[in-house]
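Engineer: please find the sequence and the predicted model below.
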2 protein chains.
Amino acid sequence: MKGMAETFDRFAVTVDLVILTVQREQLNVLTVTRKFPPFQGRQALPGGFVETDEDLITAAFRELGEETGLACDVGHLEQLASYGEPGRDPRGRVITVAYLALLADPPGPVAATDAASAQWTAVEPLLADREALAFDHHRILSDGVERARSKLEYSSLAAQFCPAEFTIAQLRRIYEAVWGTRLDPRNFHRKVTGTPGFVIAGDRYTDGERGRPARLYRQGPADQLHPPLLRR
Amino acid sequence: MKGMAETFDRFAVTVDLVILTVQREQLNVLTVTRKFPPFQGRQALPGGFVETDEDLITAAFRELGEETGLACDVGHLEQLASYGEPGRDPRGRVITVAYLALLADPPGPVAATDAASAQWTAVEPLLADREALAFDHHRILSDGVERARSKLEYSSLAAQFCPAEFTIAQLRRIYEAVWGTRLDPRNFHRKVTGTPGFVIAGDRYTDGERGRPARLYRQGPADQLHPPLLRR
DNA sequence: GCAAAAGTGTTAGAATTACACCCATGC
DNA sequence: GCATGGGTGTAATTCTAACACTTTTGC
């Protein structure tokens, strides 16, 4: 940066959100259906313009709240990456900072705005069709899912997809949904409960389910897993 | 994004570079000394404004070329993160997209510009003094170093710090410099040569050094290491 | 009783660690 | 010869993977 006096260009800046959740053993993402051109009728990631004097993460939290209608001190929100290819928005030069959010429970249907109505969409078919998403959102979603996948390996982030109290099997289904694999329930149980600080055993048990009741756990203080849980 | 018709703010956007190299078994970063306020006389990361119709990575490559005077198809360049806190530049609202570059050889002294002269600076003392760097560059450098550290674990990126042909011991010294640890030379040798695709054995050997000549290797095709090289 | 899910034990194989030891060079 | 660094062998330990088996529920 060589001095504010010389000329430089200014850019429109947005935040786009990859909001992931696991429902019915499936990885889902929150999308909006575009009501106006360009890409009218196409699915897109929710997002919006950054306001003056607003931090990027603040803008992301604001959009997350607007889209999910939740006070979002729950779950997880982190910066994913920025996308600024000149042609990515046909209306003009827009740079977007993408954020990745992981939510526990599907916070119910999301209120529709004038421009878009939000819905949970299964990630797999969305990524299989390269044309399903507007703009470069296929790439952004793809990057977000890959980030989530790799972070599950070496962090305790998977618990962010779970409610406050959860069983080891619920946590395992998170891994299975995000990674698209099957894990051995017995080895998984030992590994998770044997990693200090990953989960904290509670006193309560599930009730009314099929099979033997499962102990309920809460998320522990550890954020890094050592050794990591390799997805093979 | 709700339609380009409605009002939105525009922002100055820069790319800042964390350019890392290993010299004399020490992790170094390229810094410039600021010749004008704010932060006059302080060290800063090199960077500059993104131009209209210029992709972010293109801007990063351009700045990298300008700062190092190299045709930079060598080495490694990846996006690190974006920083947009409203007060981060006292002259006004500036959003910066930081890139991380890893270079093999110190490409000699870098040409001075009117506003700054570049130099290689040891990372450790720079991070130890929270006030040594201008703007929020302490945070950016810190994030860049942490990214480099963790990527060495599970990728073959360390070879980007090495010349085209290198010995296993040279590669080990990269790990030791970046991680700030000591590694067992014998186990490291076995691990690296035993990981398929990490390095490719050449026919040539070092000459004129102390001790037994070491075989020269080139970087292999693998970019992910499995299993990872844990830094413990 | 039977199916289903939770959780423990056991064992073979793989990976990690810590060294002993030999090799090939400069001096 | 001796120091220095390169490279291989090997055994103890830890981690992983596969799966037999017991526990505790619903039906």
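Structural biologist: Cool, got the structure.

Engineer: around DNA strand C, pick out the residues from chain A.
Structural biologist: Residues of chain A lying close to DNA strand C (Cβ under 7 Å from any atom of the strand) are A:167-169, A:185-187, A:189-190, A:193, A:205, A:209-215. All C-beta spots, glycine's among them, are computed from the backbone N, C-alpha and C.

Engineer: near DNA strand D, list only the ones from those residues.
Structural biologist: A:186, A:187, A:209, A:210, A:211, A:212, A:213.

Engineer: quick check, the stretch of helix or strand the second one belongs to touching chain B?
Structural biologist: In this structure, residue A:187 sits in helix A:185-194 according to DSSP states H and E. No. Shown here: helix A:185-194 not in contact with chain B (Cβ under 8 Å from any Cβ of the partner chain), separated by at least 15.5 Å.

Engineer: run the chain-centre distance for that helix.
Structural biologist: Distance of helix A:185-194 from the chain centroid (Cα atoms, centre = their mean, to the nearest Å) equals 25 Å.

Engineer: just to revisit the earlier point, now the residues of chain A next to DNA strand C: which count as buried?
Structural biologist: Buried subset of these (neighbour count, 16 or more other Cβ atoms under 10 Å in any protein chain shown): A:167, A:168, A:189, A:214.

Engineer: how about the residues of chain A near DNA strand D?
Structural biologist: Residues of chain A lying close to DNA strand D by Cβ under 7 Å from any atom of the strand are A:184, A:186-187, A:191, A:207-213, A:227-228, A:230, A:232.

Engineer: now do residue A:66, the pLDDT please.
Structural biologist: You'll see residue A:66 listed with a pLDDT of 88.

Engineer: tally up the residues packed near it, please.
Structural biologist: Other residues near residue A:66 come to 16 when the count uses other Cβ atoms under 10 Å in any protein chain shown.

Engineer: in a helix, it, correct?
Structural biologist: Yes. Counting by DSSP: H, G, I helix; E, B strand; the rest coil, residue A:66 is located in a helix.

Engineer: for the residue of chain A found nearest DNA strand D, phi and psi?
Structural biologist: Closest residue of chain A to DNA strand D, Cβ to the nearest atom of the strand: residue A:212 (3.1 Å). Here is the backbone geometry of residue A:212 (degrees, to the nearest 10): phi -60, psi 140.

Engineer: avg pLDDT for the longest helix along chain A?
Structural biologist: Using DSSP state H, we find that the single longest helix of chain A is helix A:137-154. Mean per-residue pLDDT for helix A:137-154: 97.

Engineer: quick one: buried residues of the helix or strand that it is followed by?
Structural biologist: Per DSSP H and E, the first helix or strand lying C-terminal to helix A:137-154 is helix A:168-179. The neighbour-count check on helix A:168-179 (16+ other Cβ under 10 Å) flags A:168, A:170, A:171, A:172, A:173, A:174, A:175, A:176, A:177, A:178, A:179 as buried.

Engineer: which among the ones next to DNA strand D among the residues of chain A next to DNA strand C gets closest to residue B:67?
Structural biologist: Closest approach between these and residue B:67, by Cβ to Cβ: residue A:187, at 49.7 Å.

Engineer: what pLDDT is listed against that closest one?
Structural biologist: 97.

Engineer: what sits against it?
Structural biologist: Listed by Cβ atoms under 8 Å, 6 or more residues apart in numbering or on different chains, residue A:187 has no contact partners.

Engineer: excluding its backbone neighbours, what's nearest residue A:172?
Structural biologist: Distance criterion Cβ to Cβ, 6 or more residues apart in numbering or on different chains; nearest residue to residue A:172, sequence neighbours excluded, is residue A:188 at 4.9 Å.

Engineer: look at that neighbour and say how many residues are nearby.
Structural biologist: When neighbours are defined as other Cβ under 10 Å, residue A:188 has 17 of them.

Engineer: distance of it relative to chain B?
Structural biologist: 18 Å (Cβ to the nearest Cβ, to the nearest Å).

Engineer: over to residue A:17?
Structural biologist: 11 Å.

Engineer: so what's that residue bridging to?
Structural biologist: Here residue A:17 shows beta-bridge partners residue A:99, assigned using DSSP bridges.

Engineer: check the one 4 residues further on too.
Structural biologist: For residue A:21, the residues forming beta bridges with it (DSSP bridges) are residue A:28.

Engineer: sounds good, over and out.
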